[in-house]
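Participant: the following block contains a protein sequence and its predicted model.
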Amino acid sequence: MQFDDKLAVNKVVVNLLWCVPGQVGGSEEYLVRQLLGLAEQPEQRWKLTVAAARGFRAAHPELAPVAQMVEPSFDSRSRIRRILGEATWLRRTSADAALVHHGGGTAPFRARRPYVLTVHDLQFRTYPHYFSRAKRAYLGAIIPRSVRGAAVVAVPSAYVRDSVIEAYGAAPERVMVVPHGVEPALVNELTPPDELRDRYGLGNGPIVVYPAVTHPHKNHRLLLALMRERWTDPDLRLVLPGGVGSAEDTITASTDRRVLRLGRVSAADRNGLLAMADAMVFPSEYEGFGAPLIEAMTLGAPIVCSDATCMPDIVDNAGLVLPLDIDAWAGALDEVRRRRTELVAAGKRRALAFTSFVSGAALAAAYDRAVRA
């Protein structure tokens, strides 16, 4: 189907076959929120069909009112089956679409055009030692080809935009920032502090929270060093919700009883922990965006974060942005406590630039540009 500029609605197929629920990190929530934001736009020019991995529809019932959800018979946890399915089943599914949106950074061979490609980050180029040789080879071959074929490349931040343009020579007008979006209603879904303290044994003292999968680049080791050497208050608790990554042993080796490894928690518990925290600490070495930064701002948690990659641009003056050095972080908790009122207010103002509505509007602009490219 060709794009018809005279029609109010044109079909777009969003390829989320790679997005196995609960296994791909923040990119899953990023794409769900921007699709919800697209549906909030006053001019509905796009009819969404989401081609999703098995189980995705059940994991995200909030998409049902705004998109047709279709799932294949094959299991996307097998990369080979998924790649073959994109070349066959997805191609048939998108036969009548005006546009296809590949949300996972790669497009299949013989991809239908025009297509929008979301590139979340290029971490494999910056920190290749965190990736297997096979994964580096795969991404190094398929991402450049996918970028070349895209009518528009959507990226979450100006930092990733610059990275894509520099790495692959993409025309700047074809690389568009579609930021993460967070619903302001996040503040309505949170577990009360007393319930959280009782459930997780947090004690009565201050807590700091780092909601992150234990991947090496998330740099939990800096926080553990701070707890050993600088943040020695016996009542302080470092709370670590998030999935298991390849650096999990870094945490399990710690004998500090003030470090509480919670694993995955419900959205209400995560929100409640952030809302009650003295600070949300975020010492990551690399982020394409860093959605927890905006979630923390929305929930009223002061931020202490790294000065790497996109984070200074995202946080701006709404938190402490520090180099990844233990001395630089040593007095951070005292400073955020002293400046809490100021930082919370700045964070709430900053978060207004990153709502799901704003994200959806940027995605709509990317779609419109793609079909006219």
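Facilitator: Right, received. Where do you want to start?
Participant: for the closest residue to residue 187 other than its chain neighbours, grab the count of nearby residues.
Facilitator: Among residues not flanking residue 187 along the chain, residue 299 sits closest, at 6.1 Å (C-beta to C-beta, 6 or more residues apart in numbering). From N, CA and C alone the C-beta is placed, and that goes for glycine too. Number of residues near residue 299 (other C-beta atoms under 10 Å) recorded here: 24.
Participant: if I pick residue 299, what's in contact with it?
Facilitator: Contacts for residue 299 (C-beta atoms under 8 Å, 6 or more residues apart in numbering) come out as 186, 187, 190, 271, 274, 275.
Participant: go with 7 Å
Facilitator: Residues near residue 299 by C-beta atoms under 7 Å, 6 or more residues apart in numbering: 186, 187, 271, 274, 275.
Participant: walking through the stretch 101-250 of the chain, point out its helices one by one.
Facilitator: Assigned by DSSP state H, counting those that start in this stretch, the helices in the stretch 101-250 of the chain fall at 123-126, 133-149, 158-168, 193-200, 220-229, 248-252.
Participant: for those helices, which one sits closest to residue 105?
Facilitator: helix 133-149 (6.1 Å; C-beta to C-beta).
Participant: tell me what angle the closest one forms with helix 158-168.
Facilitator: Orientation of helix 133-149 against helix 158-168 (axes from the mean of the first three to the mean of the last three C-alpha atoms, to 10 degrees) gives an angle of 90 degrees.
Participant: what comes up buried for helix 133-149?
Facilitator: Residues 139, 142, 143, 146, 147 are the ones in helix 133-149 that count as buried (16 or more other C-beta atoms under 10 Å).
Participant: number of nearby residues for the residue nearest to residue 139 when sequence neighbours are not counted?
Facilitator: Closest residue in space to residue 139, ignoring its immediate chain neighbours: residue 124 at 4.9 Å, by C-beta to C-beta, 6+ apart. Counted with other C-beta under 10 Å, residues neighbouring residue 124 total 18.
Participant: out of the helices of the stretch 101-250 of the chain, which comes closest to residue 40?
Facilitator: helix 158-168 (23.6 Å).
Participant: how far out from the middle of the chain is the closest one?
Facilitator: Remark: helix 158-168 is offset 17 Å from the chain centroid, using C-alpha atoms, centre = their mean, to the nearest Å.
Participant: contact partners for residue 146?
Facilitator: Residues near residue 146 by C-beta under 7 Å, 6+ apart: 106, 107, 117.
Participant: please repeat the previous calculation with a cut-off of 8 Å.
Facilitator: With C-beta under 8 Å, 6+ apart, residue 146 has these contacts: 102, 105, 106, 107, 111, 117.
Participant: then residue 353?
Facilitator: residue 179.
Participant: three-state assignment of it?
Facilitator: Under DSSP: H, G, I helix; E, B strand; the rest coil, residue 353 falls in the helix class.
Participant: weakest of the helices of the stretch 101-250 of the chain by average pLDDT?
Facilitator: Sorting the helices of the stretch 101-250 of the chain by mean pLDDT places helix 248-252 lowest, at a mean of 92.
Participant: any of the contacts of residue 299 buried? List them.
Facilitator: 186, 271, 274, 275.
Participant: for the third one, helix, strand, or coil?
Facilitator: Reducing the assignment to helix, strand or coil with three-state DSSP, the entry for residue 274 is helix.
Participant: my read: it touches residue 294, true?
Facilitator: No - in this structure residue 274 lies outside contact range of residue 294 using C-beta atoms under 8 Å: 11.1 Å.
Participant: residue 366 looks like it's in a strand, true?
Facilitator: No - assigned with three-state DSSP, residue 366 falls outside any strand and is helix.
Participant: that one: what's it in contact with?
Facilitator: By C-beta under 8 Å, 6+ apart, the contact set of residue 366 is 116, 152, 154, 176, 178.
Participant: pipe those residues into CSV and attach neighbour count, distance to residue 254 and pLDDT per row.
Facilitator: Formatted as CSV, these follow (neighbours: other C-beta atoms under 10 Å; distance: C-beta to C-beta, whole Å; pLDDT from 0 to 100):
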residue, neighbour count, distance to residue 254, pLDDT
116, 27, 43, 98
152, 26, 44, 98
154, 27, 39, 98
176, 18, 42, 98
178, 28, 38, 97
